[in-house]
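K.L.:
Mind looking at a prediction? Sequence and model below.
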Amino acid sequence: MQTGLLHLHNFLRWIILVLLVISILKAYSGWKSKKTFVPADKKIWLFTMISGHLTLLLGLYQVGFGRFGIFVTNLPEGTRVMKDKFFRFFWVEHPLGMIVAILLITFGHRMAKKAVADEVKYKKAFWYFLIALILILASIPWPFREIVGRPWFPGMA
Ligand code: HEM
Ligand code: HEM
């Protein structure tokens, strides 16, 4: 169960990345080509947001009660969270970066409901999603990252 939840959290990264890239491309072309906003745009933004919220929920569980959860870990004597690269990443940098990114995705999705010109919806959503993507790419524990690196796919070595 514990491992399954972590694997789901790992896997959802790819869903988010794919949906986010599609959302960004669609928002950009809508903005630049002055398209009319259609329900399909709203739907893809909604799916992007839902996968973000789901990953957030699973992440909150991990950071609280996962293998290195804040409430279940006794730090070795003398460890300082902000001085320890591993704990600083998984307790601070990764959660903070991702929470801000998911907030931005939520703001982007909200543009679908705003009573503003279609061009404005597309433009603002584009920027929210783009900044979210950059934050997510910067906060993922990619396998090539030292100390905090994790597998490309759930359960890979
Ligand atoms: C820690 C967990 C979560 C938090 C803090 C959270 C927060 C929020 C907030 C603030 C909104 C309102 C967004 C807006 O008004 O633009 C929202 C909407 C929504 N969330 Fe979450 N959420 C969480 C988990 C989830 C999960 C697990 C799912 C589903 C898998 C989910 C699906 C949705 C959906 C479908 C909406 C409504 C979208 C709409 O039609 O406007 N959320 N959530
Ligand atoms: C877009 C959002 C997010 C993405 C793409 C993401 C991605 C990942 C990935 C790929 C891993 C490695 C999993 C593995 O070892 O197989 C991971 C681990 C982790 N994530 Fe996230 N994450 C996100 C949001 C969050 C949030 C919001 C939190 C906390 C509030 C969080 C907390 C954690 C923790 C604590 C771990 C380490 C768990 C362990 O190794 O036992 N994540 N995340």
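P.N.:
Cool, got the structure. Residues are numbered from 1 along each chain as shown. Ligands and ions are numbered 1, 2, ... in the order given.

K.L.:
Helices of this structure, start to end?
P.N.:
Residue ranges of the helices in the chain, as given by DSSP state H, are 2-32, 39-65, 85-87, 94-110, 118-139.

K.L.:
Please list all residues in contact with the closest residue to ligand 1 within the chain.
P.N.:
Residue nearest to ligand 1 within the chain: H53 (3.1 Å; CB to the nearest ligand atom). (C-beta placed from N, C-alpha, C; glycine too.) Going by CB atoms under 8 Å, 6 or more residues apart in numbering, H53 touches 102, 106.

K.L.:
roughly how far apart are it and I70?
P.N.:
Counting by CB to CB, to the nearest Å, the gap from H53 to I70 is 21 Å.

K.L.:
do L135 as well
P.N.:
Distance from L135 to I70, by CB to CB: 22 Å.

K.L.:
Report how many residues lie close to the closest residue in space to W142 that isn't next to it in sequence.
P.N.:
Spatial nearest neighbour of W142, chain neighbours left out: G149 (6.3 Å); criterion: CB to CB, 6 or more residues apart in numbering. Applying other CB atoms under 10 Å, we find 11 residues neighbouring G149.

K.L.:
Kindly report the residues of the protein close to ligand 1.
P.N.:
Contact residues (CB under 6 Å from any ligand atom) of the chain with ligand 1: 46, 50, 53-54, 56-57, 60, 106, 109-110.
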